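Asks: Provided below for reference: sequence and predicted model.
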Amino acid sequence: MSRQLWSFHGGIHPPQYKELSNQRPIAQSSLAAELVIPLHQHIGQSPEPIVQVGDYVLKGQELAHAQGYVSAPVHASSSGTVVAIEERAIPHPSGLNALCVVLATDGEDRWLEQQLDERHYTAIEPSHLRNLIRSAGIVGLGGAGFPTFIKLNPTGRVIDTLILNGVECEPYITCDDLLMRERSTEILAGIKIMRHALQAGEVLIAIEDNKPEAIAIMQQAIANEPGIEVVSVPTRYPQGGEKQLIKVLTGKECPSSGLPFQIGVVLNNVATAYAIHRAVNHGQPLVSRIVTITGDGIKEPRNLEVPIGTPIQHLIDQCGGTSGEIERIIIGGPMMGFAMHSSAIPLIKTSNCILATRQPEQPAAPEMPCIRCGACAEVCPVELLPQQLYWHARAKEFDKTQEYDLFDCIECGCCSYVCPSNIPLVHYYRFAKTEIWSQEREKEKADQARKRHEFRLSRIEREQAEKEARLALKRAAVQEKSETPDKGEAEKQALIQAALARAQAKKESQQEPPKNTAELTPAQQRIIDEADARRQRLDAAADTPRKEAE
Ligand code: SF4
Ligand code: SF4
């Protein structure tokens, strides 16, 4: 009995163009002379570089360490010397530069000695498995780039269903298709590790019915695996969206701005499962990925296994170069990708496709005013009101765009695809999101500056108060000392006063007239005079040696 499937609102059926690149096996990319490895390759905080210019590094060696919880480390994709750590252009819709480690490869591609946990994955505790996956720098390879270890941490919730996304619904892209056809055993090994980490119930591997080979091969791989099922889903874009696929397979609605584990579901890409197998069973961090190089502007479209940081031009050259006049080079697919201004931009962990399109024979139809036809709302898989979002984004009424759930928009491009007025609606939504983020960042910066200023003022006030308190104490001590002299000082003063009193008494005694000197007889007076004369002679004799000595 086939499994019951549900449906999601809207969606479209654009031409697939998958046959351009799915006819050849995956090939190993040659090594570029220079790899430009951006530090920011995932959702969350950028890791901090731990190497310096001039360092020699081995393949798999950590270049930048994760910062905070939502972050992932970045590793060297080959062996060589760090020649720069500087801002370079990275694949991002903003077109902004970001910090990159630039590696001059030595051509030896020498791996760092692997630190492998020899135990079978079933003997490793789920928390330790998550740590291994985190240290390997694994993030979602389906395009979003959310650090995988977080998705594997259900924080106490029971996970009924683990979904493996092999849908690959966007036109042109075939890297997951080829991976499933060529490396099904390795994908299954990664799925089993995820299932153990989550202690999940059933496992569903979802593949669109336009990939019959992949469906057959994956079914063969799981033939003896109880609780794991391959589910073929009808081809419809954007079936591979996280919330859309959960709805189709389980009938459950993921809450707006909520996470799937809140409804007992975890969803990961098949390429992420493959990366987990390499990390846990071979001790290899995420340093390469499969990427589709395709489009009518590429001479020999195909899939390559590419070291992270390889310049896009290096990949185009390996596919025979471009043919005809190129209109644009897109990273990602035609619906959700964005155009690059330079082919020197490097490939990162989330880059699943490089699409080069030729200049069309007919110029694209110009953008016209909205005619309020409502076609955009009919196809929106998130059931938003794209037309209202467009009006408010265009008028820069960003608070209104948020009232219309701008951040629930998955930028699938269905609305732009059907718009008869050729309005590039997704561009307006991206513009509004970028503006809101940058305003929030500015506000955050201003808040931090204000907090720093307030902290500085309070520190100065505190120091001033402490200084005044110290001075007041000092003054009080001096005053107390002057008012209550200590015992030693009092004794000294008493001695001085006594000595002064004695000297005064002596002085006074010397000024008193000699007693019994009145009414002397002449004989008595003569005796006294003789005594005075003797005393004067004696005093004069005593003074003579002292003067000589002086
Ligand atoms: S599809 Fe285009 S023209 Fe029609 S309502 Fe939406 S934005 Fe307006
Ligand atoms: S791009 Fe956004 S608004 Fe447009 S259809 Fe997709 S989810 Fe809806």
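Replies: Nice, thanks for sending it over. Ligands and ions are numbered 1, 2, ... in the order given.
Asks: where does the closest residue to T122 other than its chain neighbours land in three-state SS?
Replies: Take T122 and drop its neighbours on the chain: the residue closest to it by CB to CB, 6 or more residues apart in numbering is H196, 6.0 Å away. In this view, the C-beta of every residue, glycine as well, is placed from N, C-alpha and C. In the three-state summary, H196 is assigned as helix, counting by DSSP: H, G, I helix; E, B strand; the rest coil.
Asks: And the pLDDT at H196?
Replies: With respect to pLDDT, H196 has a value of 95.
Asks: Next: Q219.
Replies: Reported pLDDT for Q219: 98.
Asks: Also E519?
Replies: pLDDT at E519 comes out at 64.
Asks: same check, this time on P513
Replies: P513 carries a pLDDT score of 52 in this model.
Asks: what residues are up against A66?
Replies: For A66, the contact set (CB atoms under 8 Å, 6 or more residues apart in numbering) comprises Q45, P47, A72, P73, R134.
Asks: As CSV, those with secondary structure, distance to L384 and neighbour count would be great.
Replies: What follows is the contacts of A66, written out as CSV (DSSP: H, G, I helix; E, B strand; the rest coil; distance: CB to CB, whole Å; neighbours: other CB atoms under 10 Å):
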residue, secondary structure, distance to L384, neighbour count
Q45, strand, 29, 15
P47, coil, 34, 23
A72, coil, 30, 33
P73, coil, 36, 22
R134, helix, 34, 22
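Asks: now the residues you listed in CSV, with pLDDT and distance to Q387?
Replies: Shown next, in CSV, are the contacts of A66 (pLDDT from 0 to 100; distance: CB to CB, whole Å):
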residue, pLDDT, distance to Q387
Q45, 90, 36
P47, 95, 40
A72, 96, 38
P73, 97, 43
R134, 97, 42
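Asks: Hmm, S21 is touching D296, no?
Replies: No: using CB atoms under 8 Å, S21 is not in contact with D296; the gap is 11.6 Å.
Asks: Please identify which of these two sits among more neighbours.
Replies: S21 (25 against 18; other CB atoms under 10 Å).
Asks: any idea how far F149 is from that one?
Replies: According to CB to CB, to the nearest Å, S21 and F149 sit 31 Å apart.
Asks: Turn the contacts of A66 into JSON lines, including distance to Y56.
Replies: What follows is the contacts of A66, written out as JSON lines (distance: CB to CB, whole Å):
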{"residue": "Q45", "distance to Y56": "28"}
{"residue": "P47", "distance to Y56": "20"}
{"residue": "A72", "distance to Y56": "24"}
{"residue": "P73", "distance to Y56": "19"}
{"residue": "R134", "distance to Y56": "26"}
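Asks: Count the neighbours of A490 for me.
Replies: 11.
Asks: In which helix or strand does it reside?
Replies: helix 487-511 (DSSP states H and E).
Asks: from the stretch 451-550 of the chain, which residue is nearest to ligand 2?
Replies: Closest residue of the stretch 451-550 of the chain to ligand 2, CB to the nearest ligand atom: K451 (36.1 Å).
Asks: tell me the contacts of the residue in the stretch 401-550 of the chain positioned nearest to ligand 1?
Replies: Nearest to ligand 1, among the residues of the stretch 401-550 of the chain, is C419, at 3.4 Å (CB to the nearest ligand atom). Taking CB under 8 Å, 6+ apart as the criterion, C419 is in contact with A375, C376, L425.
Asks: and these near ligand 1, which?
Replies: Counting by CB under 6 Å from any ligand atom, A375, C376 from those sit close to ligand 1.
Asks: need the contacts of C419 in a markdown table with secondary structure, can you?
Replies: Output for the contacts of C419, formatted as a markdown table (three-state DSSP):
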| residue | secondary structure |
| --- | --- |
| A375 | helix |
| C376 | helix |
| L425 | helix |
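Asks: which among the contacts of C419 end up buried?
Replies: Among the contacts of C419, the ones that count as buried by 16 or more other CB atoms under 10 Å are A375, C376, L425.
Asks: now these as TSV including distance to L179?
Replies: Formatted as TSV, these follow (distance: CB to CB, whole Å):
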residue	distance to L179
A375	35
C376	34
L425	32
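Asks: Got the phi and psi for the closest residue to C409 other than its chain neighbours?
Replies: Excluding its sequence neighbours, the residue lying closest to C409 (CB to CB, 6+ apart) is Y429, at 5.2 Å. With angles defined as degrees, to the nearest 10, Y429 sits at phi -70, psi -40.
Asks: Tell me how many other residues surround Y429.
Replies: Applying other CB under 10 Å, we find 24 residues neighbouring Y429.
Asks: these two touch, right, it and E411?
Replies: Yes: taking CB under 8 Å as the definition, Y429 is a contact partner of E411 at 6.4 Å.
Asks: what does this structure have sitting close to ligand 1?
Replies: Near ligand 1, when you scan the chain using CB under 6 Å from any ligand atom, you find 370-376, 386-387, 390, 419-421, 423.
Asks: Could you list which residues are in contact with C100?
Replies: V36, I37, P38, L39, A84, I85, E86, E87, R88, I90, G309, P346.
Asks: Buried members of the residues of the chain next to ligand 1 into ChimeraX, please.
Replies: Applying 16+ other CB under 10 Å to the residues of the chain next to ligand 1, the buried members can be selected in ChimeraX as follows:
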select :370,375,376,386,387,390,419,421,423
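Asks: out of the residues of the chain next to ligand 1, which one sits closest to S127?
Replies: Comparing those against S127 with CB to CB picks out P386 as the nearest, at 42.5 Å.
Asks: what residues does stretch 131-145 touch?
Replies: Contacts of stretch 131-145 (CB under 8 Å, 6+ apart): 41-43, 66, 72-75, 117, 124, 146-149, 151-152, 165, 176, 197, 240, 242, 268-269, 271-272, 275-276, 278-280, 284-286, 289, 332, 336, 349-350, 352.
Asks: distance between the ends of that stretch?
Replies: 17 Å (CA to CA, to the nearest Å).
Asks: Likewise for stretch 104-118?
Replies: So stretch 104-118: terminal residues 33 Å apart, CA to CA.
Asks: List the buried residues of that stretch.
Replies: By neighbour count on 16+ other CB under 10 Å, the buried set for stretch 104-118 is T105, D106, W111, L112.
Asks: ok, residues contacting it?
Replies: Against stretch 104-118 from outside (CB under 8 Å, 6+ apart): 31-35, 58-61, 78-81, 83, 124, 128, 132, 280, 282-284.
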